[in-house]
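Engineer: got a structure for you, letters missing:
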């Protein structure tokens with residue numbers, strides 16, 4: 001017996017849970033259809049810790065979620081269909097020695113197969129595998145974290161591989177390079193890097209890799225935990241993803257191109273050997289012509305005021321003790337304030353220039369002395385927990401330019417009394433203003449459609465909320481004592497979902 005969920009993206013059903021009773025037959029064949037729609041996926045943990053003995057996956061299933069069969073110690077056989085396109089991490093049971101009893105063992109790897117292709121999906125390279133790993137012909141899928149914690153030094157990917165899961169090479173510390181068969185239609189390799197052809201996204205590399213020209217994006221965790229010493233990023237790269245070079249302990253030299261449009265705030269986190277260009281107590285990365293494109297660390301931790309160099313585009317997660325920092329002057333060249341950039345600092349006021357498009361997650365988290373924030377009219381995204389725990393903040397005006405307001409963006413801002421929210425935001429997410437205990441008035445502009453459950457939970461002083469005519473769901477106000485002031489017609493008000 002299964003519990004199903006509907007997936008709008010695939011217009012089909014997902015196996016959400018496997019419900020069984022004592023004495024039941026544990027040889028499971030997953031149905032291909034449910035209520036006239038195809039079964040398209042097996043959800044995260046759907047069979048976790050169950051007594052299932054064998055499982056057959058029908059045609060139509062495209063994804064198998066992480067930990068779907070984790071803890072299934074009695075699982076002896078897995079038969080996939082050739083429609084499976086993606087497999088999550090830690091999907092199948094493994095014993096204390098790191099072996100996978102239900103999977104097919106072949107040349108240092110564990111595979112889940114179809115009826116005709118026993119090596120259809122590489123689930124995991126053995127943790128003790130050392131040296132060059134060859135992904136064989138016939139393998140179509142490489143699961144998430146397939147090479148995590150293995151000791152492979154080189155990986156050769158066959159022409160048949162159509163999917164490499166997220167973080168497939170995460171914490172593969174000894175990896176030096178990746179090579180892809182020239183006939184592969186989805187991926188290519190250049191400079192020892194794995195690159196997705198569609199979008200020219202660099203997915204992973206190793207210590208001997210050289211980032212080639214033609215790459216447009218460097219993906220999340222692409223070089224994390226590798227022995228890379230130089231990252232000379234060529235012109236044309238527009239984006240560097242989260243933790244792309246995290247814990248590259250040997251990384252000493254980085255070149256950032258002028259073409260860069262987005263740089264994750266923690267892209268160079270924990271790179272202790274990294275040396276950049278220092279000016280006025282701040283460490284920067286850049287290139288020969290523009291040496292200070294990204295501010296990455298505060299070198300003089302006793303400074304109360306920092307002035308970011310004009311021409312800087314990115315403020316990353318500023319490493320170092322920021323407890324003395326009271327003022328930061330941000331120039332009109334900055335386009336991103338990265339994740340955790342000013343968290344736990346002593347900033348008293350912040351002016352965000354019009355040039356800034358994104359404020360990252362935790363950017364000003366727990367800035368306990370911050371009393372005011374002035375947002376520029378170019379800000380499009382305020383990340384999750386960006387101002388959480390700013391207990392001295394008293395009022396906030398979110399401009400019309402903001403299209404995305406992250407969860408818990410102003411969580412526990414206990415002195416916050418008044419909030420004005422621009423109409424560029426379609427949904428106010430759950431938890432956004434939770435535990436703002438002094439909040440008494442909220443003005444929501446035309447354009448906002450939904451206030452999700454718990455958006456204003458524990459806002460016990462909230463007395464007045466001005467609502468736009470565009471709103472269709474105010475579930476997030478049901479636990480407050482707020483008096484709604486609605487700008488629409490009585491007929492429209494009758495249709496608004498109130499929880």
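Structural biologist: Arrived safely, thanks for sending. Quick caveat, the model's predicted, so the values are computed rather than measured.

Engineer: where along this protein do the helices fall?
Structural biologist: If DSSP state H is used as the criterion, the helices of the chain fall at 490-495.

Engineer: Any stretches of it with poor pLDDT?
Structural biologist: Low-confidence segments of the chain (pLDDT under 70): 22-23.

Engineer: residue nearest the centroid of it?
Structural biologist: residue 242 (7.2 Å; C-alpha atoms, centre = their mean).

Engineer: OK, contacts around that residue?
Structural biologist: Under the criterion of C-beta atoms under 8 Å, 6 or more residues apart in numbering, the neighbours of residue 242 are 220-221, 264, 266-267, 339. Where C-beta positions appear, they are placed from N, C-alpha and C, glycine not excepted.

Engineer: try it again with 10 Å
Structural biologist: Residue 242 makes contacts with 219-222, 224, 264-267, 269, 339, 360-361, as judged by C-beta atoms under 10 Å, 6 or more residues apart in numbering.

Engineer: farthest pair in the residues you listed?
Structural biologist: 222 and 361 (19.6 Å; C-beta to C-beta).

Engineer: Of those two, which one has the most company?
Structural biologist: residue 222 (30 against 23; other C-beta atoms under 10 Å).

Engineer: who touches the more buried one in this structure?
Structural biologist: 169-170, 193-194, 201-205, 209, 211, 215, 228, 231, 240-246, 267.

Engineer: And residue 284, by the same measure?
Structural biologist: 256, 276-278, 290-297, 308-309, 311-312, 314, 316.

Engineer: Pairing-wise in the sheet, spell out the partners of the nearest residue in space to residue 150 that is not next to it in sequence.
Structural biologist: Using C-beta to C-beta, 6 or more residues apart in numbering and skipping the chain neighbours, the partner closest in space to residue 150 is residue 125 (4.3 Å). Using DSSP bridges, the bridge partners assigned to residue 125 are residue 109.

Engineer: dump the residue contacts of residue 125.
Structural biologist: 107-110, 133, 135, 142, 146-152, 155, 168-169, 172.

Engineer: Can you turn the buried part of these into a ChimeraX selection?
Structural biologist: Entered in ChimeraX, the line below selects the buried ones among these, by 16 or more other C-beta atoms under 10 Å:
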select :108,109,110,133,135,142,146,147,148,150,151,152,155,168,169,172
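
Engineer: Among the contacts of residue 125, which lie within strands?
Structural biologist: Using DSSP state E, 109-110, 133, 142, 151-152, 155 are the members of the contacts of residue 125 that sit in strands.

Engineer: now those residues in a markdown table, with distance to residue 187?
Structural biologist: Shown next, in a markdown table, are the ones in strands among the contacts of residue 125 (distance: C-beta to C-beta, whole Å):
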| residue | distance to residue 187 |
| --- | --- |
| 109 | 18 |
| 110 | 21 |
| 133 | 16 |
| 142 | 10 |
| 151 | 23 |
| 152 | 17 |
| 155 | 11 |
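
Engineer: Now which of the contacts of residue 284 would you call buried?
Structural biologist: With neighbours counted by 16+ other C-beta under 10 Å, the contacts of residue 284 contain buried members at 256, 276-277, 290-297, 308-309, 312, 314, 316.

Engineer: nearest to residue 371, of these?
Structural biologist: Nearest to residue 371 among the buried ones among the contacts of residue 284, with distances taken as C-beta to C-beta, is residue 308, at 20.9 Å.
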